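Colleague: Structure of the sequence below:
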Amino acid sequence: MNIKNPMFNSKLLAVCFASLLIATSCGGGDKPKEEENKENLIDTDTAKTAVLNVGGELFSVPSPIQTAMLIQKSGVAYDKAILNVSKNANTYTNDFMRSLNLGIYGADLGYVSMYNQTQDAIGYLAAVKQLADKLGVSAAFDTGTMKRIESNIANKDSMLVLVGIAYRASDAYLKTNKRTEVSSLILAGGWIESMHFSISAYKAKQSEDVKFRIAEQKQALGSIIKLLASNTAPEAIELGKQLSDLAKVYDGIQFKYTFVEPTTDSLKKMTYINSTNEVIVSKEQIDEISAKIAEIRTKITNVQS
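Modeller: Predicted structure coming up:
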């Protein structure tokens, strides 16, 4: 099947942690300007493709918030059953599993926040904080912002602004402390959970936009495989093999870019991008991707280590 979608005008955000989504908070005691440029903060810090610089090489991965926004926009209802159970956080007993599940819980927290699920957000915030504490990541944050997050947990816009602040703080902390292996696993967990969201949403309602999102992940998957390649732990090597098997499915998906001249509305002072990306993907390929993501995610979320 051919899927056409408008070209994404991707902005860059400081990544690594599509997952600490609101781990706790950020350093610094000043109150965030939640009422000023709120939409701009959300747009640039939480909902666009992320670029991570590791060893001078750039890796591009979509933010989980970007996926959650697309799913909500497609009209798919909130479904708590697709999330990793928040109380499972205490079952992950080594840093490999904690890092991956911190990525998963961070994406889950972004998802529940996007749907204004306050009570569920409290549980996922606690799960993220628990894993961040055990990994030593929460040292990047102060208690002041943590309290602001808790007090704004019912306000989606404020929560997403604070997500942007947490992105910057966690990114800076992990870079400064040269914890690339941890950050790569967090990023991988967030990506896997985002794929799980997309697949679950597509099964619930067959949106072409969501299908396009699933099909276009070849580059992001390649970035994650390369990031994990430097991790020589047996578990990381095994995860890399599983993701490489998934990449073989993506090798059969075809992409076609068609340039169409932009149009400008002089009265509104707006320029519209008319170029398209076309993805040729079959039902069988989507089913294979779905099965492999389910297998990988189950091993990450269900295994007690």
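Colleague: rest of the way, CA atoms for contacts and neighbours
Modeller: Will do.
Colleague: Please list the residues outside the helix with the most length in the chain that contact it.
Modeller: Longest helix in the chain, counting residues (DSSP state H): helix 180-204. Outside helix 180-204, the residues that touch it by CA atoms under 8 Å, 6 or more residues apart in numbering are 16-19, 54, 61-64, 67-68, 71, 76, 82, 95-96, 99-108, 174, 210-211, 213-214, 224, 227-228, 230-231, 290, 293-294, 297.
Colleague: residues of that helix that come out buried?
Modeller: 180-202 (16 or more other CA atoms under 10 Å).
Colleague: Do a quick rundown of the helices in this structure.
Modeller: 38-45, 64-73, 95-114, 118-135, 143-151, 156-176, 180-204, 208-215, 218-229, 234-250, 283-302.
Colleague: deepest of those helices, which one?
Modeller: helix 95-114 (a mean of 28; mean count of other CA atoms under 10 Å).
Colleague: Ser275: neighbouring residues, count only.
Modeller: Neighbour count for Ser275, taken as other CA atoms under 10 Å: 17.
Colleague: meant to ask about Ser74, not that
Modeller: 17.
Colleague: Would you confirm that Leu243 contacts Leu221?
Modeller: Yes - contact criterion CA atoms under 8 Å: Leu243 and Leu221 qualify, at 7.5 Å.
Colleague: What separation is there between the closest residue to Ala294 other than its chain neighbours and Ser74?
Modeller: In space, and not counting its chain neighbours, Ala294 is closest to His196: 7.3 Å by CA to CA, 6 or more residues apart in numbering. Separation of His196 from Ser74 (CA to CA, to the nearest Å) stands at 16 Å.
Colleague: pLDDT weak spots in the stretch 151-300 of the chain?
Modeller: 156-178 (pLDDT under 70).
Colleague: The stretch 1-150 of the chain too?
Modeller: In the stretch 1-150 of the chain, residues with pLDDT under 70: 1-62, 138-146, 149.
Colleague: Repeat the analysis, applying 50 as the threshold.
Modeller: Where the stretch 1-150 of the chain drops to pLDDT under 50, the residues are 4-48.
Colleague: List the residues that contact Thr67.
Modeller: Counting by CA under 8 Å, 6+ apart, Thr67 has contacts Ala47, Ser194, Phe197, Ser198, Arg213.
Colleague: Kindly present those residues as TSV, with separate columns for distance to Glu238.
Modeller: Formatted as TSV, those follow (distance: CA to CA, whole Å):
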residue	distance to Glu238
Ala47	30
Ser194	21
Phe197	23
Ser198	24
Arg213	26
